[in-house]
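# pasting a predicted model and its sequence here:
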Amino acid sequence: MIETDSSKFIQLEDFFDAPKNDLIIEIGFGNGSTLIESASNNPEKNFIGIEVYDSGFGQCLNDIEKQKINNIRLIYDDAVDVLQNTIKKKTLSEVNIYFPDPWPKKRHHKRRLINNNFLVLLSKTMKDKGIINISTDWEDYADQIETVFFNNKRFYAIDSDPRTQKTKFENRGLSLGHKIFNYSYQLN
């Protein structure tokens, strides 16, 4: 686990055996199933999972240890705070956000992670040509995501790579009959 200090940026490379590898972050990794699958299938890349909920954090740590995965580190903190105060500019190759909290009540939409301020922050921390992958099962959130990226102009849409591992929230959405919306964007 990486300890963060909001007063300074950290050298993320120092936490990995292969510091020159591409760095991929998964925001809100839940129980860690997609994070672990990605790291297992891509040993030539480094992965950081950021999560604020206790429920899956311990499960992910246990699974990492059981499977002896060496290219994952975890941060227990708010993703926006981590991106603003901990990660240096032009560091991230990829950012994955699978099924972020949809804040379904209209009065709570302002709490949604994907907004213009967040994209500005990402554009600073991502390398040129960096990729962001987002999935949601909430149609109005999908509409918001499309609008925010369309208006931003720092990113352009690209084809999404299929994921083989479904998240807990993806399975829940499918059981409720929700359509899954997958997006990938690349930084200009």
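Now that the structure is in, tell me what you want to look at.
# just checking, what packs against the helix or strand hosting Phe118?
Per DSSP states H and E, Phe118 falls inside helix 116-125. Applying 3 or more Cβ pairs under 8 Å, 6 or more residues apart in numbering; DSSP states H and E, one finds that helix 116-125 contacts helix 79-85, strand 92-98, helix 139-152. Using the backbone N, CA and C atoms, a C-beta is placed for each residue, glycine as well.
# would you turn those into a markdown table with mean pLDDT and mean neighbour count?
Listed next are the helices and strands packed on helix 116-125 as a markdown table, based on pLDDT from 0 to 100; neighbours: other Cβ atoms under 10 Å:
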| stretch | mean pLDDT | mean neighbour count |
| --- | --- | --- |
| helix 79-85 | 93 | 17 |
| strand 92-98 | 97 | 22 |
| helix 139-152 | 96 | 16 |
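# need the ones you listed in CSV (columns: distance to Thr34).
Formatted as CSV, the helices and strands packed on helix 116-125 follow (distance: least, Cβ to Cβ, whole Å):
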stretch, distance to Thr34
helix 79-85, 15
strand 92-98, 6
helix 139-152, 18
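# nearest to Gly56, of these?
Of all the helices and strands packed on helix 116-125, strand 92-98 sits nearest to Gly56, with 12.4 Å by Cβ to Cβ.
# quick one, which of the helices and strands packed on helix 116-125 is nearest to Phe47?
strand 92-98 (9.1 Å).
# strand partners (parallel or antiparallel) of the closest one?
Strand pairing for strand 92-98, using DSSP bridges, gives strand 23-27 (parallel), strand 126-136 (parallel).
# outside of that strand itself, list whatever touches it.
22-28, 30, 34, 38, 45, 113-114, 122, 125-127, 130-135, 163, 167, 169-170 (Cβ atoms under 8 Å, 6 or more residues apart in numbering).
# list the contacts of stretch 60-69.
Contacts to stretch 60-69, defined as Cβ under 8 Å, 6+ apart, come from residues Met1, Phe29, Asn31, Gly32, Leu35, Ile36, Ala39, Ser40, Gly49, Glu51, Ile72, Leu74.
# over to stretch 118-125?
Residues from elsewhere that reach stretch 118-125, judged by Cβ under 8 Å, 6+ apart: 80, 83-84, 87-92, 95, 132, 148-149, 152, 154-155, 187.
# buried residues in it?
Neighbour counts over stretch 118-125 (16 or more other Cβ atoms under 10 Å) mark Phe118, Leu119, Leu121, Leu122, Ser123, Lys124, Thr125 as buried.
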